[in-house]
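Peer 1: Mind folding the following:
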Amino acid sequence: MTTVIPFDSKVRAVKAAARQSLQPGEVCLLGAGPGDPDLMTIKGMRALQAADVVVYDRLANPELLDFTGQDCEKIYVGKRKDRHSLPQGQICDLLVALARCGKKVVRLKGGDPFIFGRGGEEIDVLEANNIPWQVIPGITAATGCAASTGIPLTHRDCAHALTFITAHRRDTGLTFNWELALQKDQTVVFYMGLSVVAEIAEGLIARGKSAATPIAVIANGTRQEQQVVVSTLAGIGKALASSDLPSPALIVMGEVVALRGQLQAVVEQIGAAV
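Peer 2: All right, here's what the predicted structure looks like:
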């Protein structure tokens, strides 16, 4: 026997769960997902509904703030390259101070808090100050952006492993493990590397990677304004020079990028047949 729950009962259940999802004096690190607000989890929505204050990043879609209550305080702490509205240390201090005031605090981060989101650093500070915390994971940019552009990150024929690399450039140059990026039969995803794509490509080719290796650069992934540039290691610098991709962008390298067109063609054929 199937029981149908009326819609208004479902709404009441969601609101009741929201009231119980956060405790006063607790901090919740919440993954906002890759951009499309519909890709945030239901548990994340409940946390936003329960929050007294939301401390949010630039990469978190501001539409998600619509889930908060009327009296919820919103504090923006977004960061751009070389321009931080609030240094990381002060963000951590803010979370501690808000929790000690008895607030239900949501720390809203783009993607997933524990994948290049500095979530671990914030948890360390909360632990050191005996602040209770929880983490609600989000869809990281790699999986969300790849899916929205039709790129399978793994494939039985050509990608048996998946590597995530942060591509920040320091004064001494790119500091990631080049050997890790050169491994065969894998897909490599570079986060935060739009300004150094050409340098990455040149470095990989110089170390023996095929210049014909497919590569895609994705900006605003999963959103309506999504943009994609597809080329090879040898050609990506020139391809980007003639484009106007905004930062941040995600870089996907590997043979799976070449499958993008094939998969799109199949989807179009299926759509035409329906």
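
Peer 1: Report pLDDT for Ile151.
Peer 2: At Ile151, the model reports a pLDDT of 96.

Peer 1: wait, doesn't it sit right on Arg260?
Peer 2: Yes - taking contacts as Cβ atoms under 8 Å, Ile151 lies within contact range of Arg260: 5.1 Å. C-betas here are computed from N, CA, C, even on glycine.

Peer 1: Overlap in contacts, these two.
Peer 2: Common neighbours of Ile151 and Arg260, using Cβ atoms under 8 Å, 6 or more residues apart in numbering, are Ala216.

Peer 1: Between those two, point out the one with more neighbours.
Peer 2: A count of neighbours by other Cβ atoms under 10 Å puts Ile151 above the other of Ile151 and Arg260, at 25 against 19.

Peer 1: That one and Ile215, how far apart?
Peer 2: 11 Å (Cβ to Cβ, to the nearest Å).

Peer 1: Need the overlap of contacts for those two.
Peer 2: 252, 257.

Peer 1: how many neighbours does Gly208 have?
Peer 2: 8.

Peer 1: per-residue pLDDT, it?
Peer 2: At Gly208, pLDDT is 97.

Peer 1: What residue, apart from its backbone neighbours, is nearest it spatially?
Peer 2: In space, and not counting its chain neighbours, Gly208 is closest to Leu182: 6.6 Å by Cβ to Cβ, 6 or more residues apart in numbering.

Peer 1: For the one you found, which residues are in contact?
Peer 2: By Cβ under 8 Å, 6+ apart, Leu182 lies in contact with 204, 207-209.

Peer 1: which pair in the residues you listed spans the largest distance?
Peer 2: Using Cβ to Cβ, the contacts of Leu182 span at most 8.1 Å, a distance reached by Leu204 and Gly208.

Peer 1: these two touch, right, Ala211 and Ala234?
Peer 2: Yes - the criterion here is Cβ under 8 Å, and Ala211 meets it with Ala234 at 3.8 Å.

Peer 1: residues in contact with the most centrally placed residue in the chain?
Peer 2: Against the mean C-alpha coordinate of the chain, by Cα atoms, centre = their mean, the closest residue is Gly111 at 2.5 Å. By Cβ under 8 Å, 6+ apart, the residues touching Gly111 are 31-34, 59, 117, 138-141, 144.

Peer 1: Redo the residues you listed as a markdown table? Include pLDDT.
Peer 2: As requested, the contacts of Gly111 are arranged in a markdown table below (pLDDT from 0 to 100):
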| residue | pLDDT |
| --- | --- |
| Gly31 | 98 |
| Ala32 | 98 |
| Gly33 | 97 |
| Pro34 | 96 |
| Leu59 | 93 |
| Gly117 | 93 |
| Gly138 | 98 |
| Ile139 | 98 |
| Thr140 | 98 |
| Ala141 | 97 |
| Gly144 | 97 |
